[in-house]
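1. Okay, sequence plus prediction incoming.
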Amino acid sequence: MATEPVLRVHNLSVNFRTPRGPLQALRDVDLTIPDRRVSGVVGESGCGKSTLISAIIRLMSDNADIVGGSVHFQGRDLLKLTRKQMRAILGDRISMVFQDPMTSLSPVLTIGRHMTDIQYRDRIGVGEKRKRAVDMLASVGIPDPESRLGQYPHHFSGGMRQRITIAMALLASPNLLIADEPTTALDATLEVQIIHLLKELQERIGCAILFVSHHLNVIAELCDDVTVMYAGVVVEKGTVRDIFHRPAHPYTRALLKCDPAVIQEKTELLPTIPGEIPDLVDLPQGCIFASRCPEAGDICLEGPPPLVEIAPGHVAACVRLTEGGTA
Amino acid sequence: MTDPLLAVEDLRVRFRIKTPLRALLDRDPDPFIDAVLNVGLTLEKGQAYGLVGESGSGKTTLARALIGLNPAHSGSIRFEGQELIGRKDRQFKTIRRNIAMMFQDPAGSLSPRLTVRSLITEPFKIHGIENVDLKAETARLLEMVNLGPDIAGWYPHQLSGGQARRVGVARALALNPRLIIADEPTAGLDVSVQGEILNLMGRLKRDLGVSFLIITHNLAVVRHVSDRMAVMYLGRFLEQGPTDDVFAHMRHPYTHALLSAHLNPDPDAERVRVELAGDVPSLIRRPTGCEFHTRCPFARERCREEFPEAAEAGAEHTYLCHFPLAADQP
């Protein structure tokens, strides 16, 4: 695809000020989201997924500092925009679906109010806004949407609520939809429904999706491209097939092996990744994964490995790959 | 024949949804919902029983009824031959020494003001056991769950998710219980840590002969750690039996749907999926006939009208369905 990517995050670094010194939550993160593609970011707790999203939409906590890099959305650097310019973009060209649908809907407002309020920029009548709300609710699979506009969020089940937040996010027909673990709070049977809904709507509306999750299976089902993060850095990037069929980084491979759902044979001893994420205030010298890596050697402790291209579009950060060795 | 460790028969747990006055005014003769209905299970010593189901299927209510946190309406719960239903709270206390509970939210179930040592030794204080060396006990319990002794002085906010979960296990183990009820032991944990907790539970089962009742919505967890299992829906067991047998010859469409809902981490995997429409129905108005018919892709006329009889699918493997899947299905 030759078109300009929707979002290009370049060398983004974010620090949190802590009493012990700066905590380097993101270090030189690169991420490109092509138009009309679903890009996934996967990683475990503490890998910096949420920090990445909040840096993109500029909703960072007070003790966070962007120490370097840029976030280009449709050619403009979001990090250089004023608050007012940023607000014009959020909810219009970039919208978000959050993890917990109950906390992203106000319990004292009706669904109809939610759905019309979000169209505050559009200069059309209330009747027209309600009609659009009804159409959108119908397209996310809410039965009998007309009569449900007067109901409150607590009248809906968890799966229905998440459908409503998706409907709200898509009402503005954004160019980029950011979804932060939208299925984590749902049961498995509903998770499948929501994933299929997202995919279908993405094709219809033609937006790009940045999908963040710690759930490998969801990523495999939904995404076209995948970025694997660990402790604040990108360790591997590629198409969904690269990552799941030819994982190059030892962390990606370990993560794929650990998922209890992969192991079809009954086993008494399940694989794990022993150890903990390193302290991001006092970073280790070498590769960030070396302390937990089963394949680590002396060479891994010398310095952080660069991202190496293994195949077109498939990169991983591991010194073993440049050695031409076994990894 | 000796008694099994835990035998539950025809258990029913109900909750009042209207005050007596409201019910009278509405002329509602039955102002209750049945959160658990006609449930029966047996758990032998040193075995693990897996309970699977979606949110709202009654898994946690069942577990809470077993330790007396929710009163059971009717039926029988026998723990080592002693009937638990109808006991007063104080009489339950002696039983609770032998049944420990690992709660769902590991960080939330640990008091933020207590150190790990106080948390782990709290059960001794609650049950008035005085002639123990608390310091030695703490070290012993932490070692059992593979945590270093220096963690004893930490507070819960200093622990990672996996560590907090292991402190929960250590606390459950404190009084050498014979049964541990584990409510969603892997929920909210990263995949690389899930294995650690499941392996730990497997080891305790083998080495100490502790029995486990594992509540989860993740079928993969049940497959690896449980000996017997049941699939719950609207408070009933739709299918139950030995885990291997249920996985090899699942008969109920709901069991199959749950299994196939677990997305495969392979973008090219062939998707044979039984997709369920809609949400779990309300307990206030249970569907007629087979209660699963509103979401079942194979539902026919008979399912809407007639409640299915329990059918045998093999040794101790039963299910509730008029039109079960063929026995040789995956």
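-> All right, it came through fine. Residues are numbered from 1 along each chain as shown, chains lettered A, B, ... in the order given.
2. quick one: the helices in chain B?
-> Taking DSSP state H as the test, the helices found in chain B are B:20-25, B:59-66, B:89-96, B:116-126, B:134-144, B:161-173, B:191-208, B:219-225, B:243-248, B:253-261, B:301-305.
3. Which one of those lies nearest to A:P174?
-> If you check each of these against A:P174 by Cβ to Cβ, helix B:253-261 wins as the nearest, at 28.8 Å. Where C-beta positions appear, they are placed from N, C-alpha and C, glycine not excepted.
4. B:G148: how many residues sit nearby?
-> Per other Cβ atoms under 10 Å in any protein chain shown, the neighbour tally for B:G148 reads 10.
5. give me the number of residues near the residue nearest to it when sequence neighbours are not counted?
-> The spatially closest residue to B:G148, leaving aside those adjacent along the chain, is B:L142, at 7.1 Å (Cβ to Cβ, 6 or more residues apart in numbering or on different chains). When neighbours are counted by other Cβ under 10 Å, B:L142 registers 21.
6. B:L142 touches B:R171, doesn't it?
-> No - taking Cβ atoms under 8 Å as the definition, B:L142 is not a contact partner of B:R171, at 10.6 Å.
7. Touching both of those two, which residues are there?
-> With contacts defined as Cβ atoms under 8 Å, 6 or more residues apart in numbering or on different chains, the residues shared by B:L142 and B:R171 are B:I120.
8. Give me the helix or strand of the chain that scores worst on average pLDDT.
-> Using chain A. The helix or strand of chain A with the poorest confidence is helix A:319-323; it has a mean of 79 (mean pLDDT, DSSP states H and E).
9. think we crossed wires, I meant chain B
-> Comparing helices and strands within chain B by mean pLDDT, DSSP H and E singles out helix B:89-96 as the least confident, with a mean of 82.
10. Where does the stretch 101-250 of chain A get nearest to chain B, residue-wise?
-> Among the residues of the stretch 101-250 of chain A, A:N217 lies closest to chain B, at 3.6 Å counting by Cβ to the nearest Cβ.
11. Just give the number of residues close to that residue.
-> Once other Cβ under 10 Å is used to define contacts, A:N217 is seen to have 22 neighbours.
12. Tell me where the model's unsure across chain A.
-> By pLDDT under 70, the low-scoring segments of chain A are A:1-2, A:264, A:323-327.
13. Please list all residues in contact with A:V240.
-> Residues touching A:V240, when contacts are defined by Cβ under 8 Å, 6+ apart, comprise A:40, A:219-220, A:223-226, B:267.
14. how about the nearest residue to it, chain neighbours excluded?
-> Spatial nearest neighbour of A:V240, excluding adjacent residues (Cβ to Cβ, 6+ apart): B:P267 at 4.5 Å.
15. could you point out the longest helix in chain A?
-> Ranked by residue count and defined by DSSP H, the top helix of chain A is helix A:188-205.
16. now the helices of chain B as JSON lines including distance to A:I178?
-> What follows is these, written out as JSON lines (distance: least, Cβ to Cβ, whole Å):
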{"stretch": "helix B:20-25", "distance to A:I178": "45"}
{"stretch": "helix B:59-66", "distance to A:I178": "33"}
{"stretch": "helix B:89-96", "distance to A:I178": "47"}
{"stretch": "helix B:116-126", "distance to A:I178": "38"}
{"stretch": "helix B:134-144", "distance to A:I178": "41"}
{"stretch": "helix B:161-173", "distance to A:I178": "24"}
{"stretch": "helix B:191-208", "distance to A:I178": "23"}
{"stretch": "helix B:219-225", "distance to A:I178": "29"}
{"stretch": "helix B:243-248", "distance to A:I178": "38"}
{"stretch": "helix B:253-261", "distance to A:I178": "25"}
{"stretch": "helix B:301-305", "distance to A:I178": "42"}
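17. just flag whichever of those helices has the lowest average confidence.
-> The stretch with the lowest mean pLDDT among the helices of chain B is helix B:89-96, at a mean of 82.
18. tilt between it and helix B:59-66?
-> With axes from the mean of the first three to the mean of the last three Cα atoms, to 10 degrees applied, the angle from helix B:89-96 to helix B:59-66 works out at 110 degrees.
19. just how off-centre is helix B:89-96 within its chain?
-> Distance of helix B:89-96 from the chain centroid (Cα atoms, centre = their mean, to the nearest Å) equals 21 Å.
20. circling back: among the contacts of A:V240, name the ones in strands.
-> Per DSSP state E, strands hold the following members of the contacts of A:V240: A:40, A:225-226.
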